[in-house]
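K.L.:
Okay, structure incoming, though there's no sequence with it:
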């Protein structure tokens, strides 16, 4: 295989994968308003505000009260300082693909033209449909709070997912308990009624076609089977709004987490684990740009969960770039641990390539879930998947076609498996308990 | 240097290194039955059963009681799901190299033919010799339990190594103490007799040509000099089968470990440290496929050992892929720390390339021990070394010939040093104490 | 883009960047004797003695008492064993660039000729000037002890930096307190006088053109705001030479560290943090070759500092190669955290490439400080920057020109920003408090 041939093969692989539909198993899309109505909503993605802020922009420039076009202008002043980032490249791709923007550089001198081109305030759902089709979307998974009404959209396209961070991490707050009572219709007061309330949420989500339960967990969370006796009192106190000691808060978190895993087992729902973020590490940052991590985290802390819930599939994302090797090893050994995409601070080409190479070399091909967008607006799904497809094509060309003599057809089958077949099968939907 | 030239150079380097003999400084070969007598013994390598299990196969399909051909058929049903893995590629190479198998894909439709071709039940040691020669083997190091008789094979080819996991980690179990008494002929009961017993083992192993002492240690092991006073009681209690507190178990482990290091110093034996595994993290897994790791481990915990035993060479393997940088740094500074191959979850091309690049860039060339097979059957040594030689050739072509202007001859000298000269010198054999 | 084109582009980028001046924001150059007067002073760089020692040389061969030419001869005997290392490649580049050495291999047979060629005992500052110009140096930052007189050199070329390790980590030693009293002219005895003394040091350094405060911190250091009440006594005890408990030593370190950060805020000085080393891990090593690290370290421990001192720029270097991902993420979020070069055990091409890729993909371009030499002799600055420029050129050619379609001009602008514009701006100098 000549090297020139290898580059051509990568290009061939990319072009073919770019023709496929996109199955996106995790996003933050608002299904009632999925596409951006103006370019401020595109630039509002926390990547741009946080990078601009990191580059020197005061956070106030992007505050909620600023008029959209002004906010976009403010941001444009700082895009020159982040033009190297991969996130900036998504922006240019959006401008070109969706707004026929002919430019090269998005800056103060070009932002008004681009803003005008991207104006869709009156476009309504037609624009959503346009972006959907242009991006060849097949399914987009959502992140729904547990008390989301789940009404008002086509759940065969925008797939509900039960996000459970608040239930696990904030049940010691009265507001969470109130929300849970209202959402579940259960007057929670002890372990039994808590479990019943959570089951009611699962029922509701299943009826509306939910296909995953999901949670993000901080590095210091240690999931463990809750000793029921010991937890009776902390759970009661939490549900009645009483103060808890630190160790009791931990107990409550573990109990709720365990109950959720039990319900995932009952309802045959995969339980997405997003492991690593610490919230509000930089409180003065922009909205969405305040969280970081402590890299001293290990999947070893999850061994009891992975063992006990052998019937539950755990698609796992890890946040710290150096944690990728561990996820490969745990996915290689545990049948129910599945490596899920490339997340947040690990979602840049250099880390994607490293992690993807390892997964393709050592994790069964029927378990790898290639990518998800994590997007807040529909326009981002295509450029983010494109970034992944380019890395994937290069890795397949180098490690499989060139180094191992695979045919292009075999490489494409592997790509198809991790991009489409696995996510379709693994996230095929739960089953209501009988 | 043109890029095409670079690829050609990598190929040239590979072809040359592939002609050399193999010196394999760590394996789990059974010297009384080194080569596989049928393809079930090839497929029985834990990589295949654990990956198939991870891909969905029930562990029972591969249980000891299943008939060999049936077990191979069961496994073949799942090979399609792991055909992407580098481990699968070894399998195809074995089939082609040793069994004249003309196929591409090992699956249910081809397994019977392959099984028939690989049938060697009556071949006896001739087959072992054939595989030995075909693989150009020069020496294969073993993993011998301390009470192995060490009889029944040619120890100039199959080199005994004293594996000491049980002595360090399980001396608090009466069965271990019994084994030690029998193997050493010493009626152990206190620290002095324990040391005498261990010395007797070293004597026995040295007489039979042992060239290394080896141990695998969990992430929470903290080697430290044992305070003799403090340890008198725990050692006595362990040797007499009495219960120990957790901290006493730790003390016993440290004492035995320290004694072994002292004996390595006395007998001039290298002490292989395989750092990182936690045993039985996934107890429901297949045999050999239950161990994982906690990546929060550091060689810093070994500083006292490396300093105190400056006369002992410690060839070190680390398990967690993200620990490779630390091993490079410790090998760069400590004269007696030697980076040893690429182990288990770190033994896939992407991690090998990263770790190898670092070692070749920053560790003295006379200290790098390129690779070992870790194999259980002779047939695996050649394809595993081949994987390494391909990575090595590419790294040499890129980082040395292309980037630094080295000649092909100089690159081959470096390859020869880490593949042959260093392991031959470092593992040249111990000396009986006088 | 053809692959051959990519290689050519990398070469074009390198050649252009190699013509630029060098702005070196961190070194250990002695400004009173910046260039080496003989080849022993080149070979005295700890990389060579420590690698030779690691390769088998007794440390005594390089002791202070040995005659320079003999020391060089001793070392030359071991250079063959480290000829693979990137550090050795700097040596050859120095020999060729500065001493017209025509050879290929520096060894016992060639060392005398090279030694003679490099003899500059009587050259005086002319030789310094020659190396300065030949290397196209623009500014070289120093590492000055807090009691350095700061007299005797051109501080517009050799920029003073206040190194504060001793103040923070060794204030509990009477010798440090004595040095502080003498250097500051303040009779320190309590928190207030300590702060005044430190402020006096800052004043003195600012007057002499200092442009950074710097410190290296061990993995177990936990910076935190000092509770003033609690610390009154430990600070008094330290300043009066009385014994401290372990927790009091920690308190003292935190107080001094916090005061220094306050002064950096007052004086508008960047505070370089070099995070990770443990001193004297291998006490029997050669001078400068005894320090290592514990990789279990996280920037999360610095969150309070980064938040509280939002007005202070923290250029951060991390020591453990696996910590690079965290530094990228923290630089991406915190406006005042800046990734600073590639340090020590992370300063080899494979780790530089990985870290650089991540920074260029995800950190605002106006925050990346490409490289510093860390050199002890002027001759090393050029070859070390050259190593970096080669890696940078390749990364730009692959990730930007080839993968993202950037022009060569745009790639060069990015290179110029991280090599010259950012360090010039970030290290533009402090301001004396009013």
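P.N.:
Ah, there it is. Only a predicted model underlies this, so the values are computations on that prediction, with no experimental measurement involved.
K.L.:
Could you tell me which residues of the stretch 301-434 of chain A lie near chain B?
P.N.:
Within the stretch 301-434 of chain A, the positions lying close to chain B (CB under 8 Å from any CB of the partner chain) are A:303, A:306-307, A:310, A:322-326, A:328-335, A:354, A:357-358, A:360-367, A:399-400, A:403-404, A:414. Heads up, the C-betas are built off the backbone N, CA and C, glycines and all.
K.L.:
please redo it, this time with the cut-off set to 6 Å
P.N.:
With the criterion set to CB under 6 Å from any CB of the partner chain, the stretch 301-434 of chain A comes near chain B through A:303, A:322, A:325-326, A:329, A:332-335, A:357-358, A:360-362, A:364-366, A:414.
K.L.:
Just the ones of those residues in helices?
P.N.:
A:303, A:325, A:326, A:329, A:332, A:333, A:357, A:358, A:360, A:361, A:362, A:414 (DSSP state H).
K.L.:
How about the closest residue to chain C within chain A: what's its closest non-neighbour residue?
P.N.:
Closest contact between chain A and chain C, by CB to the nearest CB, is at residue A:321 (3.0 Å). Leaving aside its chain neighbours, residue A:321 sits nearest to residue C:325 (3.0 Å; criterion: CB to CB, 6 or more residues apart in numbering or on different chains).
K.L.:
Around residue A:148, count how many other residues there are.
P.N.:
By other CB atoms under 10 Å in any protein chain shown, 18 other residues sit near residue A:148.
K.L.:
Quick check: the residue nearest to it when sequence neighbours are not counted vs residue A:214, distance?
P.N.:
Take residue A:148 and drop its neighbours on the chain: the residue closest to it by CB to CB, 6+ apart is residue A:160, 7.5 Å away. To residue A:214, residue A:160 is 11 Å away according to CB to CB, to the nearest Å.
K.L.:
which ones are touching the residue nearest to residue A:148?
P.N.:
A:142, A:144, A:150, A:205, A:208, A:209, A:210 (CB atoms under 6 Å, 6 or more residues apart in numbering or on different chains).
K.L.:
Please produce TSV containing these, extended by pLDDT and secondary structure.
P.N.:
What follows is those, written out as TSV (pLDDT from 0 to 100; DSSP: H, G, I helix; E, B strand; the rest coil):
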residue	pLDDT	secondary structure
A:142	98	coil
A:144	98	strand
A:150	97	coil
A:205	97	helix
A:208	96	coil
A:209	96	coil
A:210	97	coil
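K.L.:
between those residues, which is closest to chain B?
P.N.:
residue A:210 (23.9 Å).
K.L.:
Leaving out chain neighbours, which residue sits closest to the closest one?
P.N.:
residue A:160 (4.2 Å).
K.L.:
just to revisit the earlier point, show the contacting residues for the residue of chain A closest to chain C.
P.N.:
A:346, A:351, C:325.
K.L.:
what does residue A:333 give?
P.N.:
B:282, B:292.
K.L.:
try it again with 7 Å
P.N.:
B:50, B:54, B:282, B:285, B:289, B:292 (CB atoms under 7 Å, 6 or more residues apart in numbering or on different chains).
K.L.:
Would you point out the most distant pair within those residues?
P.N.:
B:54 and B:292 (12.0 Å; CB to CB).
K.L.:
Show me the helices in the stretch 151-300 of chain A, by range?
P.N.:
Ranges of helices within the stretch 151-300 of chain A are A:165-169, A:174-184, A:191-207, A:228-239, A:246-267, based on DSSP state H, counting those that start in this stretch.
K.L.:
try the stretch 301-434 of chain A
P.N.:
A:303-308, A:324-333, A:349-362, A:381-395, A:403-404, A:408-416, A:422-426.
K.L.:
got the contact list for the first one?
P.N.:
Identification of contacts with helix A:303-308 by CB under 7 Å, 6+ apart yields A:223, A:224, A:225, A:261, A:314, A:334, A:336, A:337, B:281, B:282, B:283, B:284.
K.L.:
what's the average pLDDT for that helix?
P.N.:
Averaged across helix A:303-308, pLDDT comes to 98.
K.L.:
do the same with the last one
P.N.:
Helix A:422-426 comes out with an average pLDDT of 98.
K.L.:
Touching it from outside, list them.
P.N.:
A:23, A:25, A:270, A:313, A:315, A:338, A:366, A:367, A:368, A:369.
K.L.:
Check the contact between the third one and residue A:429; I expect there is one.
P.N.:
No - look at residue A:270 against residue A:429 with CB atoms under 7 Å: they stay out of range, at 9.9 Å.
K.L.:
residues of stretch A:220-232 that come out buried?
P.N.:
A:221, A:223, A:224, A:226, A:231 (16 or more other CB atoms under 10 Å in any protein chain shown).
K.L.:
Can you tell me the closest non-neighbouring residue to residue A:344?
P.N.:
In space, residue A:344 is closest to residue A:319, 5.8 Å off (CB to CB, 6+ apart).
K.L.:
again but with residue A:140, I slipped
P.N.:
That would be residue A:24: by CB to CB, 6+ apart, it lies 4.8 Å from residue A:140.
K.L.:
Now the phi/psi pair for the one you found, please.
P.N.:
phi -110, psi 100 (degrees, to the nearest 10).
K.L.:
which residues does the residue in the stretch 301-434 of chain A positioned nearest to chain B contact?
P.N.:
In the stretch 301-434 of chain A, the residue that lies nearest chain B is residue A:325 (3.0 Å; CB to the nearest CB). Shown in contact with residue A:325 (CB under 7 Å, 6+ apart): A:358, B:320, B:321, B:322, B:351.
K.L.:
low-scoring stretches of the stretch 1-150 of chain A, by residue?
P.N.:
The model of the stretch 1-150 of chain A has pLDDT under 70 over residues A:1-4.
K.L.:
could you pull out the helices for it?
P.N.:
Using DSSP H, counting those that start in this stretch, helices in the stretch 1-150 of chain A cover A:3-17, A:39-43, A:46-54, A:68-79, A:86-99, A:111-117, A:125-134.
K.L.:
can you list these in a markdown table and add mean neighbour count and distance to chain C?
P.N.:
Shown next, in a markdown table, are the helices of the stretch 1-150 of chain A (neighbours: other CB atoms under 10 Å in any protein chain shown; distance: least, CB to the nearest CB, whole Å):
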| stretch | mean neighbour count | distance to chain C |
| --- | --- | --- |
| helix A:3-17 | 18 | 5 |
| helix A:39-43 | 24 | 15 |
| helix A:46-54 | 25 | 5 |
| helix A:68-79 | 20 | 8 |
| helix A:86-99 | 20 | 5 |
| helix A:111-117 | 17 | 18 |
| helix A:125-134 | 16 | 21 |
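K.L.:
I'd like to know which of these is closest to residue C:98.
P.N.:
Of those, nearest to residue C:98 by CB to CB is helix A:3-17, at 36.7 Å.
K.L.:
which residues touch that closest one?
P.N.:
Contacts for helix A:3-17 (CB under 7 Å, 6+ apart): A:389-390, A:392-394, A:396-398, A:401-402, A:408, A:411-412, A:415, A:419, B:3-4, B:7, C:2-3.
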